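Peer 1: Would you be able to build a 3D model of this:
(chains A, B, C and D)
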Protein chains: 2
Amino acid sequence: MNNTERIAGETARDFALRVIRDNIVSLDLKPGTLVSENEIAFELGLSRTPVREAIIELSKASIIEIYPQKGSYVSLIDSKMVEESRFLRNVLDSAVIEVACDLASDKDLNEMEENVLLQEFFLSRGENEKIYPLDNDFHKMIYNIAEKRNIYEMRSIMMIHFDRVRTLSVETVKDLKIVSDHRGMYEAIKNHDKEKAVQLVNKHLGRYQFDENAIREQFSEYFK
Amino acid sequence: MNNTERIAGETARDFALRVIRDNIVSLDLKPGTLVSENEIAFELGLSRTPVREAIIELSKASIIEIYPQKGSYVSLIDSKMVEESRFLRNVLDSAVIEVACDLASDKDLNEMEENVLLQEFFLSRGENEKIYPLDNDFHKMIYNIAEKRNIYEMRSIMMIHFDRVRTLSVETVKDLKIVSDHRGMYEAIKNHDKEKAVQLVNKHLGRYQFDENAIREQFSEYFK
DNA sequence: ATATAAACACTAGTATACAAGTGGACTAGA
DNA sequence: TCTAGTCCACTTGTATACTAGTGTTTATAT
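Peer 2: I've put the predicted structure just below:
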């Protein structure tokens, strides 16, 4: 497992949650791996308690499966589960962006535009890896504008299922199209054009149509 | 706080979660109340650990607010939060019932009808309090049919905000209409009539239009 | 050699102990 | 009387100890 520096002010539990989560999404913790509370605690230099609390949280979203007195395992990739998280994202993003079309203030729009400009900047320089955090920020902004912060939190944890398949996906993601989707969404929100906004959300998510058969063939041991 | 018997096989954590949750929804734990890990643990005859884990889970959905080294409090009723949970329910229930219209098997439909018949039976005998668990089961069934169990779990915890206002609501809920809504949804799913199903979901949720001003006036100390 | 049982090494669940921070009460001093 | 400072009783965060269950390995008896 990849360790990371503990951020100043971060509690042990948040630290453990962040590290475990990142390792699952990046597949450094492979599906099916035993995640022993003791072992993780040792690796992170913590006691079992905060690690355990982090694992419990992940188990609530079926990211980790806890078998009492036996062990806790990183869940195998379950296409039903991936579909469920995709469904959740599609449904929520669509409904939330409509609200954002109503509520976005000038200040909100300025922040969004700044974010999109940065994405375009990094894209033009080929620094595509710097786009991902901005991508996340962008979607989070929409939830913030629509005053749906709690819903965003729930979305986040379920997205782990989705994101980890994205990591596996051999097909290179078309960053160019993604960034232009973002610009489109920004424009739609600015113009209060709900229909266009929802249409873009659907198209956007459609870009992550993984070829599951190809992935499953290559990484069959990761699948349920 | 109202205590309850621990169900056989229930872990200490699940027990604590259930009891705390029920007491918050029933308002036996009033908004703003301090929920001390130690005190709850003592009342339930447990140690702090499982109680703490339950409180953390509730805090993830903003049901309880944890102030480190100060205390944890039952969240005051926040109309923004109530609206957010209503929004979530509306969006999810609508999207999920559409899927259920596609996927419901004969076995599913039989179980649904049995549930509805029971609701009608208790309604006719005036035993309205027996309808509520059936109501919950009914909605859970729809998520099960649509294979969206994880999403249902997320919905459940957010519904605490909504349910606790429902408890406060002076206006008596029209159980008759609720039961007939359920029959309507069942029929719509049976007939694969998505449009009708979604329309009923919206109407159904619309029946819980609390007069917030009236409630806020009567219980102002519960509100943020 | 095989079957059985005891021992061991692990697991997560729960209980307890300690750390560190907060805020109020009380006291000492001017 | 007022203020400053100490103490105390509380809180949650974290660490550690103990409980009970599982599965494998090893030893023992037939």
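
Peer 1: Contacts only, for residue A:74.
Peer 2: Shown in contact with residue A:74 (CB atoms under 8 Å, 6 or more residues apart in numbering or on different chains): A:24, A:29, A:30, A:31, A:32, A:33, A:35, A:63, A:64. (Each C-beta comes from the backbone N, C-alpha and C, glycine too.)

Peer 1: what's the spacing between the second one and chain B?
Peer 2: Taking CB to the nearest CB, to the nearest Å as the measure, residue A:29 falls 20 Å from chain B.

Peer 1: What subset of the contacts of residue A:74 is buried?
Peer 2: Taking 16 or more other CB atoms under 10 Å in any protein chain shown as the criterion, what is buried in the contacts of residue A:74 is A:24, A:29, A:31, A:33, A:35, A:63, A:64.

Peer 1: From those residues, pick the one nearest residue A:207.
Peer 2: residue A:24 (22.8 Å; CB to CB).

Peer 1: In terms of helices and strands, where is that closest one?
Peer 2: Assignment of secondary structure by DSSP states H and E places residue A:24 within helix A:12-25.

Peer 1: Any part of that helix near DNA strand C?
Peer 2: No - Helix A:12-25 does not reach DNA strand C (CB under 7 Å from any atom of the strand); its nearest approach is 11.6 Å.

Peer 1: Just the buried positions in that helix, please.
Peer 2: By neighbour count, with 16+ other CB under 10 Å as the criterion, the buried positions of helix A:12-25 are A:12, A:13, A:15, A:16, A:17, A:19, A:20, A:21, A:23, A:24, A:25.

Peer 1: can you pull the contacts of the third one?
Peer 2: This means residue A:15. By CB under 8 Å, 6+ apart, the contact set of residue A:15 is A:6, A:7, A:44, A:46, A:50.

Peer 1: between those residues, which is nearest residue A:213?
Peer 2: Checking the contacts of residue A:15 one by one against residue A:213 (CB to CB), the nearest turns out to be residue A:44, at 36.9 Å.

Peer 1: can you pull out the strands in chain A?
Peer 2: With DSSP state E as the definition, chain A shows strands at residue ranges A:64-67, A:71-74.

Peer 1: what's the most buried one of those strands?
Peer 2: Per-residue neighbour counts averaged over each of those give the maximum for strand A:71-74, namely a mean of 18 (mean count of other CB atoms under 10 Å in any protein chain shown).

Peer 1: centre of the chain versus that strand, how much separation?
Peer 2: The offset between the C-alpha centroid of strand A:71-74 and the centroid of the whole chain comes to 21 Å, using CA atoms, centre = their mean, to the nearest Å.

Peer 1: Same check on stretch A:63-72?
Peer 2: Between the centre of stretch A:63-72 and the centre of its host chain there is 23 Å, according to CA atoms, centre = their mean.

Peer 1: quick one: contacts of it?
Peer 2: A:21, A:24, A:34-37, A:55-56, A:58-59, A:73-75, A:157, A:160-161, B:11.

Peer 1: hmm, it touching DNA strand C?
Peer 2: Yes - where contact is defined by CB under 7 Å from any atom of the strand, part of stretch A:63-72 touches DNA strand C, namely A:66, A:67, A:68, A:69, A:70, A:71, A:72.

Peer 1: Can I get those residues in TSV including pLDDT?
Peer 2: Formatted as TSV, the entries for the residues of stretch A:63-72 next to DNA strand C read as follows, by pLDDT from 0 to 100:
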residue	pLDDT
A:66	98
A:67	97
A:68	96
A:69	95
A:70	96
A:71	96
A:72	98
